[in-house]
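Visitor: Following is a predicted model, sequence given first.
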Amino acid sequence: MPLALMTGIHSIPHMSPSSTSTILDDKDQYKYYWRLIPSDTGLARAMIDYLRINLNVYHVGVVHLNDAHGTGFNNALKDHNCKCVEIRSFSFNSGNKDEMKIAIKLMKETGFKVFIFIFFYDDQESFFTEAYEQGIVGPGYFWLTGDGDLFMKNRYKKTSVLANFTQGMGQIKAVGTLPSESDTATGYDRFIKAWDSQNDQSISYYNCKQAQDVANLTCGDMSNFEDRPINPHTLYVYDFVMALGLAACELSSRKGNGDYFDGPELYRQVIQTEFEGASGHVLFDPKTASREPSSVVFALYNMRKIEPSSIDDDYIFYSKDIVMQTIESPDVNHSVWKNVEGEAFIYLDGTTNPPNDLPPVEHDFNYLWQIRFFGLAVSGIVLLTSLLFGLWTIIYRGTNVVKMSQPIFLIMICVGTFIMGCSIIFSTIDDSVASDRVCSILCMVDVWFLVIGFSTIFSALFAKIWRINKIMNVTRFTRVVVTVRDAMVPFVTFLTVNTIILLCWTFISPLEWKRVPVEGKVDVYGRSTASYGRCDFSQSYIYAAILAVFNFTVLGIANYQAYCARNVSTDLSENKYITISMVCITQVFMLGLPILLLVEDKINVSYFCKVIIIFLATESTLLLIFVPKIMKQKQIKEKPEGTGQQVNTQMRATRKYQVPVYETSEVNSTLRQE
């Protein structure tokens, strides 16, 4: 930097193939400085894009030297970040172990697992020894560094911390270009081909043009060009000479023979020069005179431990293998990475699985644990009572008590309560025991069973109370026939409408299982620490609303029918129990549904309320409808023979009104009034 400052003062162009500090982009201070390598701005962009897009990392710690280069690199990372990644920075002065210790302690407190370090090898041994002692080096952590001499060692003493933990570290460098993986040759390929075609005489000539060792007066050599792959900085030096030559030729052709050009003119012409070089497509940023980052390839090197050999038993050796590289992208402001064919990054634990950027979150999923068994037990009770009452109806279907109450409607009630009881089972299944897809399907299945079950129960009750009112409203000696088919009309109508609405809901906008974060439950990183799974109604409220309006309308009509039959007296007082049952169902749903909406985010409470609502609706209906009949049947069994004549007389009397035998209980009340 001091040299670049001095050359700027004296209007002398100054070039570097390796200096990447962003400070050198300041043209007010370093007026005639230019370089064939991008500044740290390009490297920072490549790093952030690699971590964010390829590793899904959004929390990074950056530790750097407290100098112009380290500070500039840190600022470049933050400038490109655009608030996509949370970056926390830490610094220390070179060689200051106390500052290192404090920086590492603060880094550990962040809980981050991914770190970028920007400092030279001289401080690495002390830093990583302290980092290892504080527990932020090892499996589960990923350390990444940048270009230049920040990470140049390929061997470490076995006693060094770095000997064991360099494995899995990464380095991103601007390599200019790489050998082509296709038939299309790159500038690198063409350069290698041209260089390999040189004879010994040409190589000797090139060597003699190198800077001489003043002490021994010997020519340098160009052994760097023999390396495979060639060091990127070697390619940058070569293209530097080409850029100077092309710029000088352009100025000479413009000025003509005998005219000279000065340093500022050469500088301005150089940064306007564009050509295909050994390091790729050479293009300069006219504002900074640095190589345009989009014109070079960035490569990710993976530090890999070499198998032990007898070369040196005191050291552990590492190789640096390229596993990923950037490719040309339409968006020059972002880097796109791709894997090198046949290569994969190997981390410290020996796997290709990158560590998480944060510690595992302690998340409360609010699964239905113990309360699930409560729901299954309640469901079992509903199913068992439905089966028992249904079985009782079948066994005693020939008795007058069952005949007067219509066996088909009693069976319908049992079937409806059984179906509603099954819906509890579907509600107990969440994403702790099934996939999201299965849970989404069960969301709709649950609604189907709940609605169809309710429709079946309520249709049976409605049909029974409607029959009573129809018979009681006939005029004296008017013949009326109310068949089972007539009574089934409300059931079929009610069930059909509900089925049509459910089909539209299922095929147009079905429910989906979603996990919703609990508001206010986050950790220090802003991650949700609690969530609950539920069936999402956000896209299908209209169907739920239509179902609710229709069913509550029918519920109101049924309660009105029950009110009209309030003064009717029958043998089994069936209308009274039907009325009480419908009122119970109405109260349960009118009170229960608002409570469900209020406790929607408390999944265990919501589940408990739903189970209780179904239990009360089904069991109140079953007990009110069946218990009086069972008790009546028991009384008949205990009476002596002959006491059944009254019932037979009633049934014979019923025939003069041409009402079928199974209408006896309702017609009996009419006969009393006559």
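Guide: Structure's in. What do you need?

Visitor: Contacts only, for L547.
Guide: 451, 498, 501-502, 505 (CB atoms under 8 Å, 6 or more residues apart in numbering). For every residue, glycine as well, the C-beta is placed using N, CA and C.

Visitor: Next one: it from L555, what distance?
Guide: 12 Å (CB to CB, to the nearest Å).

Visitor: rewinding a little: V605: which of the contacts of L547 is nearest?
Guide: Distance to V605 across the contacts of L547 (CB to CB) is lowest for V451, with 23.1 Å.

Visitor: just checking, that closest one touches W505?
Guide: No. Using CB atoms under 8 Å, V451 is not in contact with W505, being 9.7 Å away.

Visitor: what's the span of stretch 17-35 from first residue to last?
Guide: Using CA to CA, to the nearest Å, the end-to-end distance of stretch 17-35 comes to 6 Å.

Visitor: Name the residues that touch stretch 325-336?
Guide: Residues contacting stretch 325-336 (CB under 8 Å, 6+ apart): 45-46, 49-50, 175, 178, 292-294, 297-300, 337-338, 340.

Visitor: and of these, the nearest to N551?
Guide: D49 (55.4 Å).

Visitor: ok so, going back, among the contacts of stretch 325-336, find the lowest-pLDDT one for me.
Guide: On pLDDT alone, L178 ranks lowest of these, at 74.

Visitor: rounded to a whole number, what's the mean pLDDT of stretch 453-468?
Guide: For stretch 453-468, the per-residue pLDDT averages 79.

Visitor: got it, and stretch 541-549?
Guide: pLDDT averaged over stretch 541-549 gives 88.

Visitor: Now stretch 236-253: buried residues?
Guide: 236-240, 242-244, 246-247, 250-251 (16 or more other CB atoms under 10 Å).

Visitor: Mind checking which of these land in helices?
Guide: Under the assignment DSSP state H, the buried residues of stretch 236-253 contribute 236-240, 242-244, 246-247, 250-251 to helices.

Visitor: Please spell out which residues along the lengthiest strand in the chain are buried.
Guide: Longest among the strand segments of the chain by residue count, using DSSP state E, is strand 315-327. Judged by neighbour count (16+ other CB under 10 Å), strand 315-327 contains these buried residues: 316-318, 320, 322-326.

Visitor: same question, stretch 368-387
Guide: 368, 371-372, 374-375, 378-379, 382-383, 385-386.

Visitor: low-scoring stretches of this structure, by residue?
Guide: 82-83, 147-152, 180-184, 206-207, 209-229, 257-258, 308-312, 467-487, 565-574, 638-674 (pLDDT under 70).

Visitor: Dead centre of it: give me the residue that sits there.
Guide: R515 (10.1 Å; CA atoms, centre = their mean).

Visitor: quick one, what contacts it?
Guide: 365, 431, 531-533.

Visitor: Could you rerun that using 6 Å?
Guide: 531, 533 (CB atoms under 6 Å, 6 or more residues apart in numbering).

Visitor: and R534, backbone torsions?
Guide: R534 adopts backbone torsions of phi -160, psi 160, taken as degrees, to the nearest 10.

Visitor: just to revisit the earlier point, now go through the contacts of L547 and say which are in helices.
Guide: 451, 498, 501-502, 505.

Visitor: of all those residues, which comes closest to C609?
Guide: So of the ones in helices among the contacts of L547, ranked by how close each gets to C609 (CB to CB), first place is V451, at 18.0 Å.

Visitor: re the thing from before, which of the ones in helices among the contacts of L547 sits closest to Q201?
Guide: W505 (86.7 Å).

Visitor: State the distance from that closest one to L442.
Guide: The spacing between W505 and L442, counted by CB to CB, is 15 Å.

Visitor: Next, count neighbours for A344.
Guide: Neighbourhood size, A344 [other CB atoms under 10 Å]: 11.

Visitor: so what's it up against?
Guide: Counting by CB under 6 Å, 6+ apart, the residues that A344 touches are T352.

Visitor: So what's the gap between the helix or strand containing R254 and the chain middle?
Guide: Per DSSP states H and E: R254 is located in helix 232-255. Helix 232-255 has its C-alpha centroid displaced from the chain centroid by 51 Å (CA atoms, centre = their mean, to the nearest Å).

Visitor: residues in contact with it?
Guide: With CB under 6 Å, 6+ apart as the criterion, helix 232-255 contacts 15, 17-18, 36-37, 175-176, 224, 261, 266, 269-270, 273, 277-279, 282.
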